[in-house]
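Engineer: mind folding the following:
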Amino acid sequence: MSEASLLLVVHDASSSELEEHVRTTHDVLERLGARDVPRLVVLSKADLLPEPIDALTLSEWSEGAPALALSSRDTAAVSKLREVVLDMARSRHRIRRIFVPYERPEILSTLYARCRVLETHAAPTGTQLLVEGEPRILDEVDRRRRAWTEAPSET
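Structural biologist: Numbers count the residues shown, from 1 in each chain. Reported below is the predicted structural model:
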């Protein structure tokens, strides 16, 4: 949980137990060590409320974290949620060029699984990639790649 780049916390805004749900979620995230993980709080089913949620109330429910109140039936609101999630998740991402030798397919697998590959170019000895990802993942890939190239040959 502490390695997550973003937590999406969703609550039913129409629930009569919303306050208890918010408190319980906060306590569980604290115990899991996720207090400092960026989060987006979403109050769903806002269409079932008698009045829209004002910005101050939304800020209180989210404890100051970015928050949205929406109805999943509102396609424009769902699109906005998608954009906010993508923007927040990618806000810490970096773009880096990485060369992966053909002898290291596991590095290529890691990049495709954990990053966004923007470009690839085949070279005689490997693949040159332009990738977008979390700095810690890109650094991990660089360490693995350097360790392989610095290892003594067994010939």
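
Engineer: any figure for the gap between the closest residue to residue 38 other than its chain neighbours and residue 43?
Structural biologist: Of all residues not flanking residue 38 in the chain, residue 6 sits nearest, at 5.3 Å (C-beta to C-beta, 6 or more residues apart in numbering). Bear in mind the C-beta positions are built from the backbone N, C-alpha and C, glycine included. With the distance defined as C-beta to C-beta, to the nearest Å, residue 6 ends up 17 Å from residue 43.

Engineer: which one of these two has more residues nearby?
Structural biologist: Under the criterion of other C-beta atoms under 10 Å, the comparison of residue 6 against residue 43 puts residue 43 first, with 25 against 16.

Engineer: so the more buried one bridges to which residues?
Structural biologist: For residue 43, the beta-bridge partners are residue 11, residue 69 (DSSP bridges).

Engineer: where along this protein do the strands fall?
Structural biologist: Secondary structure of the chain (DSSP state E): strands located at 7-12, 39-44, 67-69, 94-101, 116-123, 126-133.

Engineer: check which helices and strands the fifth one is in contact with.
Structural biologist: Translated: strand 116-123. In this structure, strand 116-123 makes packing contacts with strand 126-133, judged by 3 or more C-beta pairs under 8 Å, 6 or more residues apart in numbering; DSSP states H and E.

Engineer: what does the strand it packs on contact?
Structural biologist: When contacts are taken as C-beta atoms under 8 Å, 6 or more residues apart in numbering, the neighbours of strand 126-133 outside the stretch itself are 90, 93-104, 108, 111, 114-122, 138.

Engineer: check the gap between residue 43 and residue 93 for me.
Structural biologist: Distance of residue 43 to residue 93, given as C-beta to C-beta: 27 Å.

Engineer: what is the burial count for the residue lying closest to residue 148 once chain neighbours are set aside?
Structural biologist: Setting aside the residues directly before and after it, residue 148 is nearest to residue 104 in space (C-beta to C-beta, 6+ apart), at 5.9 Å. Around residue 104 sit 18 other residues, with neighbours defined as other C-beta under 10 Å.
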